[in-house]
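> One predicted model, sequence on top.
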Amino acid sequence: MPSDKAFIHPTAVVDPGAVLGEGAYIGPYCVVGPHVEVGPRTRLESHVVLDGWTVLGADNSIGMFSVLGTPPQDIGYQGEETRVILGDRNVLREYVTVHRATTKEERLTSIGSDNYLMANVHVAHDCRLGDRTILINGVTLGGHVRVGDQAMISAFSGIHQFSRIGRFAFIGGYSVITQDVVPFSRVVGARPAKVFGLNVVGLRRKGFDRERIAVIKAMFHRLFYAGLNTAQAVLAIRDEIAPGPDREEMLGFIAASKRGLVKKTAESWESESE
């Protein structure tokens, strides 16, 4: 039942079965279904639709005409109980769509905390977003996409289903990503997308010091610029780079890849700036 301390606009339609936390705000013409939970102080601005088995944490802001928890765009879906879960302090701007999952994995589409999804972003079924990501206007994620913490995907980029975007990666505008993008990288373009080296600016803004960036740069040299195939690059990284969290993250990401990596480079190693 809605909390007595939640605000519901007179024009909103909230099912009696919905759970509204203290201080939740349900704006004009919103529709909230029977299996929905809205956390404390979360705001639905106006004309927002929350359907299905959808759970929103605390202090989220959901923009006008956004739709969360509607069925997946998957012809095999037969109305099964699948979920959408958002963490805390996310900002979803106007016309964002987030579809609930299919039954093909863990029946879950999830968005972590402190993410910013700009207008017209689409998050398809079974996607998983980490924390503090930024998806700029018009980004489209196909089904089963994984986006790591603090990644940024620029305007009108499309991410192919089952692709993965590593932590701290930057995807340039209008890109088409059909393979996995390794952590810490800059990738831009389509037909094919290309690696533009490290996301140095982003890493510095996130507090990476010169020594840490140098280690990642050494891994990138072996992976993208030394003329090695992926298996050879992995061996070189294991043999020549000292163990550490960033090395293990990179090796683990590569080992888990099923679609292969975006590896075509747009510039030489020598021309990449630190």
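Here it is on my side, so go on. On a predicted model such as this, the values are computed, not experimentally measured, just so you know.
> Quick check: residue 136 vs residue 172, distance?
Applying C-beta to C-beta, to the nearest Å, the value for residue 136 to residue 172 is 10 Å. Placement of C-beta: from N, CA and C, glycine included.
> For those two, list the residues in contact with both.
Common neighbours of residue 136 and residue 172 (criterion: C-beta atoms under 8 Å, 6 or more residues apart in numbering): residue 154.
> and for stretch 17-37, what are the contacting residues?
For stretch 17-37, the external contacting residues (C-beta under 8 Å, 6+ apart) are 1-3, 5-9, 11-16, 38-56, 58, 69.
> and those residues, which are buried?
Listed as buried from the contacts of stretch 17-37 are 2, 6, 8, 12, 14, 38-56, 58, 69; burial here means 16 or more other C-beta atoms under 10 Å.
> Among those, which ones are in strands?
8, 14, 38, 43-44, 49-50, 53-56, 69 (DSSP state E).
> Assign a three-state SS to residue 217, would you?
Judged by DSSP: H, G, I helix; E, B strand; the rest coil, the three-state class of residue 217 is helix.
> next one: phi and psi at the residue lying closest to it once chain neighbours are set aside?
Of all residues not flanking residue 217 in the chain, residue 198 sits nearest, at 5.9 Å (C-beta to C-beta, 6 or more residues apart in numbering). Torsion angles at residue 198 (phi, psi; degrees, to the nearest 10) stand at phi -70, psi 150.
> Now render the ones in strands among the buried ones among the contacts of stretch 17-37 as TSV, adding pLDDT and distance to residue 218.
Shown next, in TSV, are those (pLDDT from 0 to 100; distance: C-beta to C-beta, whole Å):
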residue	pLDDT	distance to residue 218
8	98	56
14	98	55
38	98	47
43	98	46
44	98	48
49	98	49
50	98	47
53	98	46
54	98	44
55	98	42
56	98	42
69	98	44
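> Done for today, thanks.
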